[in-house]
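> Quick one: sequence plus predicted model below, questions after.
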Amino acid sequence: MRRSLVVLSMVALFLAANSCGEEGEPVGPTAQDAGTVEDAGNVEDASVQEDAGETSDAGEEQDAGLGDAGDPPPPAEWKPVASGTTEWLMEVWGSAADDLWAVGKGTILHWDGAAWTSASSPTTSMLLNVWGASADEAWATGFSGALLRYDGTDWQSAGNPAGSSLYGLWGSGAGDVWAVGQNGEAIHYDGSAWSTVTSGTSVWLWSVWGSSSTAVWVVGHDGTLLRWEGSAFEPATSGTSEHLFDVWGVSASEVWAVGANGTILHWDGSDWSPQASGTTETLHAVWGRSSDDVWAVGKAGTILHWNGTSWAPETSGTTVSLWDVWGIGDTAWAVGAGGTIVRLAETP
């Protein structure tokens with residue numbers, strides 16, 4: 001199956017800072033784009049196409065069990081899972097193994113442990129992020145100022161004090177949630193209301209993550225790194241001018257950032273340092289279970305795994321862009337273009 005790529009006037013930003021050339025690759029906007037690009041409310045089909053059929057309509061997961069008696073179990077594999085949609089899926093998060101959410105272009109999907117099904121969305125805008133504090137307290141953000149809240153029953157629109165597109169979302173708890181985005185916008189939720197916070201920059205901010213409410217990192221264009229320690233954002237030195245698209249960590253002294261052209265940075269509690277990724281593909285997301293079990297995903301179906309010593313490629317089974325990776329328990333998920341969802345099939 002082939003489908004038209006979503007081409008947004010904003011693709012000079014996200015789906016051009018994170019999107020589509022002929023193969024859907026992130027290509028990063030120039031600085032002047034930020035002042036002239038419209039939000040993603042204007043969505044048009046383009047003649048450029050991306051083959052999302054390799055995984056997006058795949059059937060049931062295959063058994064990853066033992067082969068012949070006495071043989072060792074095969075290595076863990078990423079297997080396609082039917083999503084029921086061909087819309088781009090941008091992020092996945094869940095409160096439990098049988099309570100996951102995936103969001104995308106006017107799309108919200110829910111996993112109940114057996115299948116992905118569509119949930120009602122109050123917006124047609126591209127949703128880029130989903131994060132929650134519990135099964136009945138979750139948020140989603142995206143283009144055109146989209147800010148949604150889930151109360152355990154329904155997704156509803158919430159007021160966005162910045163009014164602009166929000167590209168990154170994370171919280172340490174229900175009363176401490178951050179969203180960052182267009183033109184350096186940052187907003188914070190204290191459990192009662194959202195308010196704007198000065199970031200000190202006007203560059204596009206793509207991701208936010210923290211080990212606590214007073215140890216928060218934000219990444220963005222041109223190698224931008226900001227740190228929040230409880231009172232204000234302060235710039236940090238990344239050592240790169242590449243766009244950084246995601247940040248995630250195990251602890252305050254074990255943090256990863258990924259971005260354009262295979263960029264991977266590591267924070268050891270004192271300094272950020274570049275890491276050998278073994279790829280020049282743009283990396284969109286990073287997530288892990290522990291300090292020696294981390295994944296990064298990106299363009300052209302790229303999945304890399306960190307074993308505590310080095311990064312190595314894994315087979316995703318797709319060539320479409322993967323936009324996020326996240327997991328819970330012994331299972332990890334990656335989502336991407338054309339409704340693609342792949343799941344890490346663990347061996348017994």
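Noted; the coordinates are in hand.
> Show me the shaky parts of this structure.
1-76, 346-348 (pLDDT under 70).
> residue ranges for the helices of it, please.
Using DSSP state H, the helices of the chain run over 14-17, 33-36.
> Quick check on the residue nearest to residue 176 when sequence neighbours are not counted: phi, psi?
Nearest residue to residue 176, sequence neighbours excluded (CB to CB, 6 or more residues apart in numbering): residue 213, at 4.7 Å. The C-beta positions use only the backbone N, C-alpha and C, and glycine is treated the same way. Residue 213 has phi and psi values of phi -70, psi -20 when expressed as degrees, to the nearest 10.
> Tally up the residues packed near residue 213, please.
Neighbourhood size, residue 213 [other CB atoms under 10 Å]: 15.
> Skipping its backbone neighbours, what lies nearest residue 189 in space?
Closest to residue 189 by CB to CB, 6+ apart is residue 177, at 4.0 Å.
> Now do the contacts for the one you found.
131, 133, 139, 169-171, 188-189 (CB atoms under 8 Å, 6 or more residues apart in numbering).
> likewise residue 287?
248, 294-295, 324-327, 332.
> want to throw the residues you listed into TSV with distance to residue 344?
Formatted as TSV, the contacts of residue 287 follow (distance: CB to CB, whole Å):
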residue	distance to residue 344
248	16
294	13
295	8
324	14
325	9
326	11
327	7
332	4
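> now, the most widely separated pair of those?
By the measure CB to CB, 294 and 324 form the most distant pair in those, at 14.1 Å.
> Most neighbours among the contacts of residue 177, which one?
Tallying neighbours with other CB under 10 Å puts residue 169 at the head of the contacts of residue 177, with 28 neighbours.
> so that one touches residue 181, yeah?
No - taking contacts as CB atoms under 8 Å, residue 169 lies outside contact range of residue 181: 9.2 Å.
> and for those two, which residues touch both?
In terms of CB under 8 Å, 6+ apart, residue 169 and residue 181 are both contacted by the residues residue 141.
> Identify, from the contacts of residue 177, the entry nearest to residue 277.
residue 170 (22.9 Å).
> who's in contact with the residue lying closest to residue 216 once chain neighbours are set aside?
In this structure, residue 216 finds its nearest non-sequential neighbour in residue 210, 3.5 Å apart by CB to CB, 6+ apart. By CB under 8 Å, 6+ apart, residue 210 lies in contact with 170, 172, 178, 216-217, 228.
> now the contacts of residue 177 as CSV including distance to residue 160?
Compiled in CSV, the contacts of residue 177 are given as follows (distance: CB to CB, whole Å):
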residue, distance to residue 160
131, 15
133, 19
139, 11
169, 12
170, 16
171, 16
188, 12
189, 11
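> out of those residues, who's nearest residue 284?
When those are compared for distance to residue 284 (CB to CB), residue 169 wins out at 14.7 Å.
> Just the buried residues of stretch 87-99, please?
Across stretch 87-99, burial judged by 16 or more other CB atoms under 10 Å covers 87-95, 99.
> Could you save those residues as TSV and add columns showing distance to residue 162?
Shown next, in TSV, are the buried residues of stretch 87-99 (distance: CB to CB, whole Å):
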residue	distance to residue 162
87	25
88	23
89	24
90	19
91	19
92	24
93	22
94	27
95	26
99	29
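> So which of those residues are in strands?
89-95, 99 (DSSP state E).
> And those residues, which is closest to residue 338?
residue 89 (8.6 Å).
> give me every residue that touches the closest one.
By CB under 8 Å, 6+ apart, the residues touching residue 89 are 83, 102-104, 107, 109, 323-324, 335-337, 339-341.
> rewinding a little: can you put the ones in strands among the buried residues of stretch 87-99 in TSV and add distance to residue 158?
TSV is the format used below for these (distance: CB to CB, whole Å):
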residue	distance to residue 158
89	22
90	19
91	17
92	21
93	17
94	20
95	19
99	21
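> Just name the closest of these to residue 146, please.
Nearest to residue 146 out of those is residue 90 (CB to CB; 11.7 Å).
> wait, doesn't the closest one sit right on residue 127?
Yes - using CB under 8 Å, residue 90 is in contact with residue 127, at 6.6 Å.
> mind checking how far the closest residue to residue 100 other than its chain neighbours is from residue 173?
Excluding the flanking residues, the one nearest residue 100 by CB to CB, 6+ apart is residue 94, at 3.4 Å. Between residue 94 and residue 173 the distance is 17 Å, computed by CB to CB, to the nearest Å.
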